[in-house]
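> Give me a 3D structure for the following:
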Amino acid sequence: MTHGTEDFPLWGGVATVMVDDPGRLGAARQAVDHVIDDIDAACGAFHDDSDLARVNAAAGRPVRIGSTFLAVLWTALHACDLTGGLVDPLIGADGAGNGAVVIDDPPGTVTIPAGTTLDLGSMAVAFAADRAAESAAGQAGCGVCVCFPGSVATAGRMPDAGWPVQVAGGRGRGHRGEPWPEQEIVLRAPGLATYSPPAPGHGAGRPQVVPRAAGVRPIVREQHPWHTVSVIGLACVAAKTAGIAALASGSAAATWLGSRELRARLVDADGRVTTVGDWPAGPGHPPAAPARTPALKC
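Residues are numbered from 1 along each chain as shown. Model (predicted):
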């Protein structure tokens, strides 16, 4: 089957929009662009007046925010609850009762504690992918696959052959001097996300929607043996949540993912690949047996 495909630069990486009806590519791209503009205004890294920038700058004081920022924030807080705090958007909370995000809606304000910042980068990209795919499928009236940096979402009718998707192995090279392995798979699910935490001192090296404060929590950077984790989920947000939480679980990441009946691909610092569940094959290979419904839902 021939897909209509368009690539374009986005947030330090490359984005791709695919449709199963090439004649509807323009309509799909228009819908995706609208979502990107909306996310940039809410959580943009290069917008000093974005909602996120204003909330972080005013830590300790309420800030009026828009509906998109509020939706991303609720998504991030829900992910934190689902994972028992493994995926926490608030950086710098002291854990002594002063780490609460206060949402007052109406009138539509958010307050974070003084001395803290919100890190919504990875979750905002996944949220954007899910919303862009749904919007594009609705506007174009066809099947759509949206690939943002580290985040893939599908909506509308699923092509019989699935969507061909490249799963990133990571930037740079592993300990053995070899590039981390990539893989092309056939995606037949609503969401796929790859998470790779920045190396210490290189927080700006991976695509971000928002500025990071001090990077990810030390347990992720110092104790995990994995360079990247890719997860298939019921939505891109669900997959991203599981990937971040798995990395925070360190050496128990594969067990954590398997206990939740998720499909995942983990690449360690030496480039060795471990798969969990019925990880899909690439084009030209027979599809794996259907996996059971993932337990993690967002």
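
> Doesn't residue 266 lie inside a strand?
Yes - Residue 266: assigned to a strand according to DSSP: H, G, I helix; E, B strand; the rest coil.

> Excluding residues flanking it in the chain, which one is nearest it?
Distances taken as Cβ to Cβ, 6 or more residues apart in numbering place residue 274 nearest to residue 266, at 4.6 Å, with adjacent residues excluded. (Glycine included, C-beta is placed from N, CA and C.)

> What strands line up against the helix or strand that contains the one you found, and which way round?
Here residue 274 sits within strand 273-276, counting by DSSP states H and E. Next to strand 273-276 in the sheet, as set by DSSP bridges, lie strand 263-268 (antiparallel).

> Give the buried residues for the strand it pairs with.
Within strand 263-268, the residues scored as buried using 16 or more other Cβ atoms under 10 Å are 263, 264, 265, 266, 267, 268.

> Stretch 108-124 now?
So, applying 16+ other Cβ under 10 Å, buried residues of stretch 108-124: 109-113, 116-124.

> and if you look at stretch 10-20?
10, 11, 13, 15, 16, 17, 18, 19, 20.

> Likewise for stretch 269-286?
Residues 271, 276, 277, 279, 280 are the ones in stretch 269-286 that count as buried (16+ other Cβ under 10 Å).

> ok, so of the residues you listed, who is nearest residue 38?
residue 280 (31.1 Å; Cβ to Cβ).

> Apart from its neighbours in sequence, what residue is nearest the closest one?
Closest residue in space to residue 280, ignoring its immediate chain neighbours: residue 185 at 4.6 Å, by Cβ to Cβ, 6+ apart.

> avg pLDDT for the strand or helix carrying the one you found?
Taking DSSP H and E as the definition, one finds residue 185 inside strand 183-187. Taken as a whole, strand 183-187 has a mean pLDDT of 86.

> Against which helices or strands is it packed?
Secondary-structure packing of strand 183-187 (3 or more Cβ pairs under 8 Å, 6 or more residues apart in numbering; DSSP states H and E): strand 163-167.

> so what strands line up beside the strand it packs on?
Strand 163-167 is paired, per DSSP bridges, with strand 183-187 (antiparallel).

> tell me the mean pLDDT over stretch 225-245?
92.

> in it, what counts as buried?
In stretch 225-245, counting by 16+ other Cβ under 10 Å, buried: 226-233, 235-245.

> Check stretch 244-256 too.
244, 245, 246, 247, 248, 249, 253, 254, 256.

> Okay, now it: how far is its last residue from its first?
11 Å (Cα to Cα, to the nearest Å).

> any low-confidence regions in the stretch 1-150 of the chain?
Applying pLDDT under 70 to the stretch 1-150 of the chain flags the ranges 1, 45-46, 93-99.

> at 90 what do you get?
1-4, 11-13, 44-49, 59-60, 84-86, 91-100, 104-108, 115, 121 (pLDDT under 90).

> residue ranges for the helices of it, please.
25-43, 51-57, 67-82, 121-140 (DSSP state H, counting those that start in this stretch).

> Stretch 125-134: which residues count as buried?
So, applying 16+ other Cβ under 10 Å, buried residues of stretch 125-134: 125, 126, 127, 128, 129, 130, 131, 132, 133, 134.
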